[in-house]
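Engineer: Using only what follows, build the 3D model:
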Amino acid sequence: MIIDAHQHFWKLDRGDYFWMSPDLGRIYRDYGPDDLRGHLVKGGVSKTVLVQAADSIAETQFMLQIAAKAEFVAGVVGWVGLDQRDSITMIDRLRAKSTLKGLRPMLQDIKDTDWILMPPVLKSLAHLEEVGLRFDALVQPRHLEVLLEVAQRFPKLQIVVDHVAKPVMGNGALPDPAWERGMRNLAALPNVYCKLSGMATEAGRDWKIDDLRPFADVVLDAFGPSKLMWGSDWPVAEMVTEYDTWLDTAWELTEGLSSAEQKEVFGGTAQRFYGL
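Structural biologist: Next up is the predicted model:
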C-alpha cells in the first residue's frame, strides 16, 4: 500500500487561507478530492493524510468532513491554537473524530522561534503526548534546536518534521552543516520522524533531481526508511512540478534502498506513525 503522508485541500471562499493570493498562480483555486483522485489511481496510491492549510478550527472541521466522505483519506492533521486557554478542550472535542491523527501549528509563520516553549504551548503538547495525537512540525532550520528540546522533553510525543525542515536548496546548493547537524540530532531520538516532501518547491521552478539528492541522502541516512515517509505536498507542489513527477522523483531518490525499505518510505512508516 502506497500512502501519501502529506496532502492538502482548500476552498478559497472559506476565507481563512491568509497565505493564499493570486500571485501563487495555478494553485490559486479550489482543490478537492475529485482533483486528486486521478493522480492517486495513476500512481498506485491507496491512502492519504490530509494536512491543515489554515490556522483555524473551522478548517480542521472542514477537513474532517471531507475525510468522512473521501474513501482515500485515512487521517487528518488539523490545527488548534496551542497557546490558547481553551486548547485542551478544543483538542478533546476534535479528537472525538477518529480520523484526527495529529495537529500542526504553522511554526514557519511565527516570528518567535521559541514560541513552542511558551508554558501554554508546552501544556498543550503534554496533552497531545498523553492522548496519543501526533505533532507535525512545519519548521525551518532555525527551529531545529528548539524542536530537539521539545522532543527530549516529551519523549512519548510522536513528532514528524515536514518537508525536511525546508533548508535552502536548488541551484547547486549543498546541505548546510547546521541543518544537517540539527536533522541528525533529531533523528537520533526514537520519537522523531521526517517527511520526504516539499523538496521540489523549496528548490524552485528550475529544480533538478541532483539539487535534491544531497538532502535526500542526509535524511535517508539519518532517519532510515523506518522513520522516513513520502508525501506529495500536493497541490502546493504544483507551483513547480506535477504529482506524478514528484512521485517518480521520490522513487528515484530512494532507488538505493531495498524493496522492503522502499515499502516503509512509501507506506509502512506513515501507517505506523499515524496509526492508520
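
Engineer: what residues are up against the residue sitting furthest away from the middle of the chain?
Structural biologist: Here the chain reaches farthest from its C-alpha mean at residue 85, the gap being 25.9 Å by CA atoms, centre = their mean. By CB atoms under 8 Å, 6 or more residues apart in numbering, the contact list for residue 85 reads residue 120. C-beta here means a position set from N, CA and C on the backbone, and glycine is covered the same way.

Engineer: quick one: the closest residue to residue 157 other than its chain neighbours and residue 101, what's the gap?
Structural biologist: In this structure, residue 157 finds its nearest non-sequential neighbour in residue 129, 4.0 Å apart by CB to CB, 6 or more residues apart in numbering. Distance of residue 129 to residue 101, given as CB to CB, to the nearest Å: 14 Å.

Engineer: Who has more neighbours out of those two?
Structural biologist: residue 101 (25 against 19; other CB atoms under 10 Å).

Engineer: and residue 6, what element?
Structural biologist: strand 2-7 (DSSP states H and E).

Engineer: A helix includes the residue nearest to residue 157, no?
Structural biologist: Yes: assessed with DSSP: H, G, I helix; E, B strand; the rest coil, residue 129 lies in a helix.

Engineer: any idea how far residue 247 is from it?
Structural biologist: The gap separating residue 129 from residue 247 is 33 Å, by CB to CB.

Engineer: And residue 84, by the same measure?
Structural biologist: 37 Å.

Engineer: Compare the two and say which one has the larger neighbour count.
Structural biologist: Per other CB under 10 Å, whichever of residue 84 and residue 247 has more neighbours is residue 247, with 24 against 14.

Engineer: show me the contacts for that one.
Structural biologist: Per CB under 8 Å, 6+ apart, neighbours of residue 247: 43, 45, 230, 232.

Engineer: residues contacting the closest residue to residue 182 other than its chain neighbours?
Structural biologist: Nearest non-adjacent residue to residue 182, counting by CB to CB, 6+ apart: residue 144, 3.0 Å away. Shown in contact with residue 144 (CB under 8 Å, 6+ apart): 165, 178, 179, 182, 183, 185, 186.
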